[in-house]
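**Q** A predicted structure for the sequence below; I have some questions about it.
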Amino acid sequence: MIDNLCGQAGERENAVAGLYCDSLAQKEQTVTNMMGAILKQLAGRGGIPKDIREAFRRGEEGFGGGRPRPLDPMGLLRIVMSSLPQAFICIDALDACTAEHLTGLLESLRDIVREFPKTRIFLTGRPHVKEDIQRYFPKAIMMPITLKAEDIKNYIEMRLHGDAEPEAMDDNLRVDIISAILQLRPDKCVGAFGFSTRSKMYTYQ
């Protein structure tokens, strides 16, 4: 979906930002860092706005040319968003966020949509974050996400092909592994949902 949006963003002068929440980097993925990552992507698509360059210049001067003092990513993001015809923000695996960071992230995204109504937000996560998302986006459109057996098979084959010790597995064992995993129901393996703040997210093709 992100590739599709990016492929058409240039034609329509729109911007796309994507973020993946990693359960192994929960401490680093604070609200400030996540919003900063979105800011970097949206600001980096073209020339950096003068106001943002000025904010960093002032920060550097405050520390004698060293690392800039902490900046407000939401304030800078508003500057960038105001210059965009439309922006798409896609965040995958929200369930990997800690409860504290998830709340702050959803609050920030809600504020963006309120201030910039043309912004489209697409979020994915496992079922237990549905209520959190719907609390901040009560009109969000929900779409179940499941994997097809063929998708799972292709993924397993790719991982087995990259095995560091290929001589430890013969063809029969390889077939048995794939067969055993495919007997599990795909919805039991995945069980995720996608949410969009606007129905147009699904018709933008």
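**A** Structure received. All figures in this text were calculated on a predicted structure; none of them were measured in a lab. Numbers count the residues shown, from 1 in each chain.
**Q** determine the set of other helices and strands touching the host helix or strand of Ile91.
**A** Ile91 is part of strand 87-92 when elements are defined by DSSP states H and E. On a contact count with 3 or more C-beta pairs under 8 Å, 6 or more residues apart in numbering; DSSP states H and E, strand 87-92 meets helix 2-12, strand 15-20, helix 31-43, helix 99-115, strand 120-125. In this view, the C-beta of every residue, glycine as well, is placed from N, C-alpha and C.
**Q** just the ones you listed: most buried one?
**A** Highest mean neighbour count of those: strand 120-125, a mean of 23 (counted as mean count of other C-beta atoms under 10 Å).
**Q** next, the buried residues of the helix or strand just after that one.
**A** The element immediately downstream of strand 120-125 (helix or strand, assigned by DSSP H and E) is helix 130-136. For helix 130-136, burial by neighbour count (16 or more other C-beta atoms under 10 Å) applies to 130, 132-133, 136.
**Q** still on that earlier bit, ok, which of the helices and strands packed on strand 87-92 comes nearest Ala168?
**A** Of all the helices and strands packed on strand 87-92, it is strand 15-20 that lies closest to Ala168, at 31.4 Å by C-beta to C-beta.
**Q** pLDDT (mean, whole number) over that closest one?
**A** In this model, strand 15-20 has an average pLDDT of 91.
**Q** quickly note the distance from Ala87 to Lys139.
**A** If you measure Ala87 against Lys139 using C-beta to C-beta, to the nearest Å, the figure is 19 Å.
**Q** looking at those two, which has the bigger crowd around it?
**A** For Ala87 versus Lys139, neighbours defined as other C-beta atoms under 10 Å are more numerous around Ala87 (23 against 9).
**Q** in CSV: the helices and strands packed on strand 87-92, plus distance to Ser83.
**A** What follows is the helices and strands packed on strand 87-92, written out as CSV (distance: least, C-beta to C-beta, whole Å):
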stretch, distance to Ser83
helix 2-12, 14
strand 15-20, 9
helix 31-43, 9
helix 99-115, 13
strand 120-125, 17
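**Q** no further questions, thank you.
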